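[1] give me a model of this one.
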Amino acid sequence: MGHPDASEIVGSGDVRATWPDDSDDGAFQAFVETTTSGLEVLPVGHPARPALAERLIQLVLSDRDANGMNRLRSLSRLRPLDRLVTLADERRSVSPQWRRTRAAARILALMCAVSERELLDPRTAAVELDQLIADHSEDPEVQTLAVSAQAMVRIASGTIQDLGALRESIANLGQLVAGNPEMVSMHRSLHECLNMLEAHQAGDTATALSLLADCIAKSGDLPEDNLLRRAFHEIAPMTAEFQAQTGVPDTDLAAHDLRMKGIQHRADHPDAPDAHRALLLVGKGGLALRGGAEQDPARIGAAIGDLREAVSLTPKDHPEHVFHLASLAMALSHRAQASGTLGDVDESVTILEQARVLARSPAHPDWSLVNGLLADLRSRRGEALPARLAALEGLRGYVWQVMLQPDPSAARAIARDAAARAMSTARRCLVDHALADALRAIDAGRGLMLFAATELRDPYTRLVDAGRADLAERWRATERPPAHVREDVLTVLSQDAGLLDPPDLGEIQDALRRAQMWMLDADREPPRHMPAPLRRTLADSDPAHVVAWAGFLHWGQ
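    The predicted model follows:
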């Protein structure tokens, strides 16, 4: 059947008059998309834009199939909701009915964006969901939707290290969905996913993969077209391949190639969004290298081709674009090692420099990954100073990520990686006889700890003084501020605090000299924690001595 154009919609004055007669999924989705596009071509200010958009949203949210089941189980049908809310907001309706409808539409639009990996700003989405939860605290249906979306956004935003917040969201969802069999089964699956993430955070990869495989096996108990069921189905081949490569490269090439074909088959699905295809291709390209064991030029080239396509499928502002660039650089680096040439190393460096520009700052979750890879590659090219600087920049990212975690266990998990990388960086600096840089690497975590103990104890007043009273109130609104609130607070407080910048050799020597003057003051006692040997190194210009006592010297005495 044909679909209405803008003139038909405006002429009828009612979206229902042109509603498709059948209940076919394709007809339903095509109708919503065509109608939305028709409204968008009308000039801004046309009264039909907001009026009919609001009516269409209401019809979409209330539509049920022939069996009486709500069509909202298939989130792909809801792709135009975000655009429809934008159109409806032009009328600035304040009716209670529209307020509730708008909340449901926004939540579902966010869930749809997450499910299709097209959520470009997870932090803003998290803030919006927090506000919707607060604004609709007396509405259990809106609460259920919002808390479900909150858990999804937290996972999608890369803040799964904050498992305490995710655990809280899942617990809240469990209370809201009691008595609803379909939602109860989804809640149970989410809880099992949480167990898997906790194992992953603890560094137990084998257990995490085993738990994920169990989740996939049990996903058949979920209703058809359920979001989690579909997600588990999509990642099944990659999970099997990860399990095959746990600890050792996959040696069964026939089974390996079969799993690669399974991933490619899902990536080739005509309805797969570009960002989802990119994720599958990144997984396929990375797994094809078999943990670095692959030496066949054709297989390595095919993996690089998949990774190049993944990069091309995600726009530069997509949250996963930087990671895709880093993955491509790693594959090129592997080919350079396998072939014994530097041509691919040069391209890898260029790609990583581009990724670092796009990441912008240590606040980006892939900042440490990009700079760590860049340090290794520049070292392979014999560029000692740029390699050290990149390695030190990578440590700044670890500092930021540790600070971001409200969950102590999550902070410790990241700190373990940070400590290992700091020692590796310090060794690199010592090999280069760059003792001052070795000091900075060793001392990278000291500023972090002091800042955590002082600046985040109660930042309310400092936030108000910085002109961010709104952020101060968000900080005090809960005993456990979520990761996105902590990130906003850290961004404000770290602007002038030098949080991510360990002191250099000259600054530490100045601090030592000030400490010496303090000790020579007859009216003042020296700090009790200062050991006797340190007194002999006060004002000592030998960098090796300063490195030895770096633990006592940060930020003055």
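
[2] from here on, contacts and neighbour counts on C-alpha atoms
    Fine.

[3] the helices in the stretch 251-400 of the chain, which residues?
    For the stretch 251-400 of the chain, the helices defined by DSSP state H, counting those that start in this stretch occupy 253-267, 274-288, 297-313, 321-339, 343-359, 367-380, 384-404.

[4] out of those, which is closest to Q245?
    helix 274-288 (8.4 Å; CA to CA).

[5] what mean pLDDT does stretch 106-121 have?
    Stretch 106-121 carries an average pLDDT of 84.

[6] and it, which residues are buried?
    106-120 (16 or more other CA atoms under 10 Å).

[7] can I get that stretch in PDB, CA atoms only?
    C-alpha atoms of stretch 106-121 as PDB (Å, rounded to 0.1, in the frame of the first residue of the first chain):
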ATOM      1  CA  ARG A 106      12.300  10.400  25.200                       C
ATOM      2  CA  ILE A 107      13.200   7.300  27.300                       C
ATOM      3  CA  LEU A 108      12.400   5.000  24.400                       C
ATOM      4  CA  ALA A 109      14.300   7.100  21.900                       C
ATOM      5  CA  LEU A 110      17.400   6.800  24.100                       C
ATOM      6  CA  MET A 111      16.900   3.100  24.500                       C
ATOM      7  CA  CYS A 112      16.600   2.800  20.700                       C
ATOM      8  CA  ALA A 113      19.800   4.800  20.200                       C
ATOM      9  CA  VAL A 114      21.700   2.600  22.700                       C
ATOM     10  CA  SER A 115      20.500  -0.600  21.200                       C
ATOM     11  CA  GLU A 116      21.700   0.600  17.700                       C
ATOM     12  CA  ARG A 117      24.900   2.000  19.100                       C
ATOM     13  CA  GLU A 118      24.000   5.500  17.900                       C
ATOM     14  CA  LEU A 119      24.000   7.300  21.300                       C
ATOM     15  CA  LEU A 120      26.600  10.000  20.600                       C
ATOM     16  CA  ASP A 121      26.500  11.700  24.000                       C
END
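
[8] so who does the closest residue to G343 other than its chain neighbours touch?
    Distance criterion CA to CA, 6 or more residues apart in numbering; nearest residue to G343, sequence neighbours excluded, is A336 at 7.1 Å. Contact analysis of A336 by CA atoms under 8 Å, 6 or more residues apart in numbering lists 342-345.

[9] buried members of the residues you listed into ChimeraX, please.
    To isolate the buried ones among these in ChimeraX, judged by 16+ other CA under 10 Å, type:
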select :342,344,345
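
[10] buried residues in stretch 190-210, which are they?
    Applying 16+ other CA under 10 Å to stretch 190-210 flags 190-201, 205, 207-210 as buried.

[11] need the contacts of A336 in JSON lines with distance to V153 and pLDDT, can you?
    What follows is the contacts of A336, written out as JSON lines (distance: CA to CA, whole Å; pLDDT from 0 to 100):
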{"residue": "L342", "distance to V153": "41", "pLDDT": "83"}
{"residue": "G343", "distance to V153": "40", "pLDDT": "82"}
{"residue": "D344", "distance to V153": "36", "pLDDT": "93"}
{"residue": "V345", "distance to V153": "36", "pLDDT": "93"}
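
[12] and of the contacts of A336, the nearest to A418?
    The closest of those, once distances to A418 are taken by CA to CA, is V345, at 25.2 Å.

[13] residue contacts, the closest one?
    V345 sits in contact with 332-333, 336, 377, where contact means CA under 8 Å, 6+ apart.

[14] thinking again about what came up before, and the helices of the stretch 251-400 of the chain as CSV, adding distance to Q150?
    Below are the helices of the stretch 251-400 of the chain laid out as CSV (distance: least, CA to CA, whole Å):
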stretch, distance to Q150
helix 253-267, 27
helix 274-288, 20
helix 297-313, 26
helix 321-339, 23
helix 343-359, 24
helix 367-380, 25
helix 384-404, 18
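
[15] hey, least reliable of these by pLDDT?
    helix 384-404 (a mean of 85).

[16] heading C-terminal from it, find the next helix or strand.
    From helix 384-404 onward toward the C-terminus, using DSSP states H and E, the following helix or strand is helix 408-431.

[17] so where's the stretch 351-500 of the chain shaky on pLDDT?
    The model of the stretch 351-500 of the chain has pLDDT under 70 over residues 406-413, 444-458, 496-500.

[18] put the alpha carbons of stretch 142-155 into PDB.
    C-alpha atoms of stretch 142-155 as PDB (Å, rounded to 0.1, in the frame of the first residue of the first chain):
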ATOM      1  CA  VAL A 142       7.700   5.900  33.500                       C
ATOM      2  CA  GLN A 143      10.100   4.900  36.300                       C
ATOM      3  CA  THR A 144      10.400   1.300  35.000                       C
ATOM      4  CA  LEU A 145      11.300   2.600  31.500                       C
ATOM      5  CA  ALA A 146      13.700   5.200  32.800                       C
ATOM      6  CA  VAL A 147      15.600   2.900  35.200                       C
ATOM      7  CA  SER A 148      15.900   0.300  32.400                       C
ATOM      8  CA  ALA A 149      17.300   3.000  30.100                       C
ATOM      9  CA  GLN A 150      19.600   4.100  32.900                       C
ATOM     10  CA  ALA A 151      21.200   0.700  33.100                       C
ATOM     11  CA  MET A 152      21.600   0.500  29.300                       C
ATOM     12  CA  VAL A 153      23.200   4.000  29.100                       C
ATOM     13  CA  ARG A 154      25.600   3.200  31.900                       C
ATOM     14  CA  ILE A 155      26.800   0.100  30.100                       C
END
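
[19] keeping just the C-alphas, turn the strand or helix carrying A438 into PDB.
    Per DSSP H and E: A438 is located in helix 435-442. Output of helix 435-442 as PDB, limited to C-alpha atoms (Å, rounded to 0.1, in the frame of the first residue of the first chain):
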ATOM      1  CA  LEU A 435      65.700  10.400  35.400                       C
ATOM      2  CA  ALA A 436      63.500  13.500  35.700                       C
ATOM      3  CA  ASP A 437      60.900  11.800  33.500                       C
ATOM      4  CA  ALA A 438      61.200   8.600  35.500                       C
ATOM      5  CA  LEU A 439      60.300  10.700  38.500                       C
ATOM      6  CA  ARG A 440      57.200  12.000  36.900                       C
ATOM      7  CA  ALA A 441      56.100   8.400  36.000                       C
ATOM      8  CA  ILE A 442      56.700   7.100  39.500                       C
END
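
[20] which neighbouring elements make contact with that helix?
    If you count contacts as 3 or more CA pairs under 8 Å, 6 or more residues apart in numbering; DSSP states H and E, helix 435-442 packs onto helix 384-404, helix 408-431, helix 543-548.

[21] make a markdown table out of those and add mean neighbour count.
    Shown next, in a markdown table, are these (neighbours: other CA atoms under 10 Å):
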| stretch | mean neighbour count |
| --- | --- |
| helix 384-404 | 23 |
| helix 408-431 | 18 |
| helix 543-548 | 17 |
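
[22] now render the ones you listed as TSV, adding distance to L84.
    What follows is the helices and strands packed on helix 435-442, written out as TSV (distance: least, CA to CA, whole Å):
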stretch	distance to L84
helix 384-404	35
helix 408-431	39
helix 543-548	61
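
[23] what about the ones you listed, which gets the closest to A134?
    Of the helices and strands packed on helix 435-442, nearest to A134 by CA to CA is helix 384-404, at 23.3 Å.

[24] right, I'll leave it there.
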